[in-house]
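Asks: compute the structure for the input listed below.
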Amino acid sequence: MSDSGNSSAPRWLPEQWDFIDWGALVGAARRQDYLSYAIVVRDLAGAEVDPQRQAALEVLASVLELRPLHGQEFTNEALGPADRFAALDRDAIAALAKRAKTVDHPAIRARLLDVAWQKNRACSHDETRDGVISYLEAGQARLTETSWPLTVEFYARATSMAASLGKNGPALHDALSKVEEAILEVGEDDPLFLVSGLMGILLRFRAGDPKTLSRLAKDIAKKALKGGPDARTRMPPPDYDRARTYLLKAARWHEVANKTKKARATMVRVARLHEEEAKAYREQGGHSQEVASLEQAIGTLRGMGGQAQRITTLRRKLQRAQRAMAKAARGSFKSTVQSTLDLSDSVAQARDHVRGKVGLDALVSLCSLVPSPDPAKLREQAVENLRESPFYAWVPKVSLSEIGRRVHRTEGVVDGTDAALDGEVHRLLAFQQQLVALGAVVPAAAQVQLELGLRTEDFFALASASSFVPEGREMSFANGLSAGMNGDFETAGQLLLPQVENAVRHLLERGGAITTTLPSSGLQNELDLNALVRLDEFVDLFGDETAFELRGLLTEKAGTNLRNEWAHGLISDGRALPFYVYFWWRVLAFVLLPVVETSAKEST
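Replies: Predicted coordinates:
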């Protein structure tokens, strides 16, 4: 709907929603939540022929589709997405709120008044208090439901609305009392995390009886570890996650009561549960879960301080678990690739592409097997991947070193932020580089060498004629290029990596870029490749596509990171072969291109 300041906007009246049968609307929903109600309303709007009724239904659907922008503790008062909330017509929201008292469904009534209060106070204080009461009524009605998040949300919204009426007012006091009553009513019968969520609300306002609530939290944790199978939760013990959640709440209640020793002892117990879970995963062969549990145990102890000895012991366990995880992952990946990847067609095409070529033409054909990856297209594919699989987008992505150590992490998102997209782009780039290396470069290089029998002396002549190769480094480039042409790509990569870094630095410096640091000591230090690829002059030198490709291949932790893994000795034999192949192939192109351009100019 258009903004109320627009002269073409309709005049909204409360009577415009009188035609809605609220009971039928709720009954038609597949689930009892706001999104399901909104779907029903959207369907009604689509079938409605009367323009005014259709407009009224569209406003109602937009209100029901909003969601709280909260974290795990439901503490954020805002409703969003922000752009959709901003687009709501305040006059329409105010008129709709006037009809809230006729809605006999507490959850919907509360939402209408909540949105109106947040939309520049489009309802009165009395109506807002009615919204608080309606949320509490809706929460009370759901205390026996196993689907707990919406129940917590109702109570959280009630306390947020009440707090906005006055932090020391009766509305907030009454709402917090209702939250504590709900906690004690549910007690140890908590289906999953309902009591934890409600405790989070009280802790936000530092309300409630710490002694009673800390004891309850520990009782629930104990039950999660030792109780019998629960038909309501369908989670046979030990439920480590649930137990830790409630122990964390107990620790926070101890902090509220200034019981520091009890809080620390409870946190130590949390860390111990992480260790116990890690042991259980190890016995089941779940090495990745074991690693995650040990990392969480270490993180818990670090947050406490004074646990250095225990942390050292856990780090040794973590290293063993990481090695086991990496070994299992390599075996799984190898079997998957062998069973699913068929490169026979691309191998044949690559050989045909270079067959029968002589001299520079053969090398040019080899270097032009496939174009450089297009960052824009890869980004489009990454966006599509995240959209097609929301769960995949939501789950955090972790990059591990060869021995299983975490070297990069991208937080999971649903809306595709830059960090998540960049991580997905680099994963796509690395996969593409492996396919090109194994399916095209290796067979094509073998075909060229079979027909031409190139020697180190030939590559020395090529390097000597290339402006890419700094003076005095010709033989080093020749040895590396020759090793790759003869199939020893690992040796080629190890010879060429430091030479390419120096060549890039030399070219950038020759172009006017500053490639050193000048600290207060006056002793200049050369920038390494990690810093060089971030310079604007690097993009000017190689172009956007090649600069992006080289960063992903050589220095990005979310990508292949070949330069840094090699420099720190983190690559075992054969593990990075496809990337060494790809790197050799690109270096050959960098050396060859200036020679071809010079030859073409001379011919002209």
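Asks: please count neighbours and contacts with C-alpha atoms only from this point.
Replies: OK.
Asks: can you pull out the helices in the stretch 501-604 of the chain?
Replies: Ranges of helices within the stretch 501-604 of the chain are 529-532, 536-542, 544-554, 562-567, 577-603, based on DSSP state H, counting those that start in this stretch.
Asks: could I get these as CSV with distance to Gln52 and mean neighbour count?
Replies: Shown next, in CSV, are these (distance: least, Cα to Cα, whole Å; neighbours: other Cα atoms under 10 Å):
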stretch, distance to Gln52, mean neighbour count
helix 529-532, 61, 18
helix 536-542, 56, 15
helix 544-554, 52, 19
helix 562-567, 63, 18
helix 577-603, 63, 18
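Asks: now what about stretch 470-480, what contacts it?
Replies: 456-460, 462-464, 469, 491-496, 499, 503, 506 (Cα atoms under 8 Å, 6 or more residues apart in numbering).
Asks: which one of the helices of the stretch 501-604 of the chain lies closest to Trp253?
Replies: Nearest to Trp253 among the helices of the stretch 501-604 of the chain is helix 562-567 (45.6 Å), distances taken as Cα to Cα.
Asks: by contact count, what packs against the closest one?
Replies: In terms of contacts (3 or more Cα pairs under 8 Å, 6 or more residues apart in numbering; DSSP states H and E), helix 562-567 is packed against helix 544-554.
Asks: okay, the angle between the helix it packs on and helix 577-603?
Replies: Going by axes from the mean of the first three to the mean of the last three Cα atoms, to 10 degrees, helix 544-554 is angled at 150 degrees with respect to helix 577-603.
Asks: low-confidence ranges in this structure?
Replies: Applying pLDDT under 70 to the chain picks out residues 1-10, 70-77, 227-237, 326-344, 385-421, 520, 522, 600-604.
Asks: is it possible to mark the buried ones in the contacts of stretch 470-480?
Replies: The neighbour-count test (16 or more other Cα atoms under 10 Å) marks 456, 459-460, 462-464, 469, 491-496, 499, 503, 506 as buried among these.
Asks: just the ones of the residues you listed in helices?
Replies: Per DSSP state H, helices hold the following members of the buried ones among the contacts of stretch 470-480: 456, 459-460, 462-464, 491-496, 499, 503, 506.
Asks: what separates Arg323 from Lys317, distance-wise?
Replies: Distance of Arg323 to Lys317, computed by Cα to Cα, to the nearest Å: 10 Å.
Asks: kindly report the same for Tyr281.
Replies: 13 Å.
Asks: now swap in Val469 and tell me
Replies: Counting by Cα to Cα, the gap from Val469 to Lys317 is 47 Å.
Asks: what's the answer for Leu202, then?
Replies: From Leu202 to Lys317 the distance is 38 Å (Cα to Cα).
Asks: these two: who's more crowded?
Replies: Shown here are Leu202 and Lys317; by other Cα atoms under 10 Å, Leu202 has more neighbours (20 against 16).
Asks: secondary structure element for the more buried one?
Replies: helix 194-205 (DSSP states H and E).
Asks: now for that helix, which elements pack on it?
Replies: By 3+ Cα pairs under 8 Å, 6+ apart, helix 194-205 packs against helix 149-164, helix 170-186, helix 240-256.
Asks: after it comes which helix or strand?
Replies: According to DSSP H and E, the helix or strand after helix 194-205 is helix 210-226.
Asks: contacts for that following helix?
Replies: Against helix 210-226 from outside (Cα under 8 Å, 6+ apart): 187-188, 190, 196, 237-240, 242-247, 249-251, 253-254, 256-257.
Asks: redo that, cut-off 7 Å
Replies: 187-188, 237-240, 242-244, 246-247, 249-250, 253-254, 256-257 (Cα atoms under 7 Å, 6 or more residues apart in numbering).
Asks: what segments of the chain are strands?
Replies: Taking DSSP state E as the criterion, the chain contains strands spanning 67-68, 79-80, 397-400, 406-410, 516-517, 525-526.
Asks: centre of the chain to the last one, how far?
Replies: Going back to what we said before, that points to strand 525-526. Remark: strand 525-526 is offset 35 Å from the chain centroid, using Cα atoms, centre = their mean, to the nearest Å.
Asks: in its sheet, what does it sit against?
Replies: Strands that pair with strand 525-526, judged by DSSP bridges, come out as strand 516-517 (antiparallel).
Asks: so how far is the strand it pairs with off the chain centroid?
Replies: 34 Å.
Asks: show me what that strand is in contact with.
Replies: 524-527.
Asks: quick revisit: and the contacts of helix 210-226, which of them are buried?
Replies: Buried subset of these (neighbour count, 16+ other Cα under 10 Å): 187-188, 237-240, 242-244, 246-247, 249-250, 253-254, 256-257.
Asks: list just the nearest of the ones in helices among the buried ones among the contacts of stretch 470-480 to Pro578.
Replies: Distances from Pro578 to these, taken by Cα to Cα, are shortest for Gly493, at 10.6 Å.
Asks: residues touching the closest residue in space to the closest one that isn't next to it in sequence, list them.
Replies: Spatial nearest neighbour of Gly493, chain neighbours left out: Tyr580 (5.2 Å); criterion: Cα to Cα, 6 or more residues apart in numbering. The contact partners of Tyr580, by Cα under 7 Å, 6+ apart, come to 489-490, 493.
Asks: look up how far Val436 lies from Tyr580.
Replies: 12 Å.
Asks: repeat for Arg563
Replies: Between Arg563 and Val436 the computed distance is 19 Å (Cα to Cα).
Asks: what number of residues lie near the closest residue to His125 other than its chain neighbours?
Replies: Residue nearest to His125 in three dimensions, not counting chain neighbours: Leu165, with 7.4 Å by Cα to Cα, 6+ apart. The tally of other residues near Leu165 (other Cα under 10 Å) stands at 17.
Asks: and Leu165, what are its phi and psi?
Replies: phi -90, psi -10 (degrees, to the nearest 10).
Asks: mind checking how far it is from Arg129?
Replies: Taken as Cα to Cα, the span from Leu165 to Arg129 is 8 Å.
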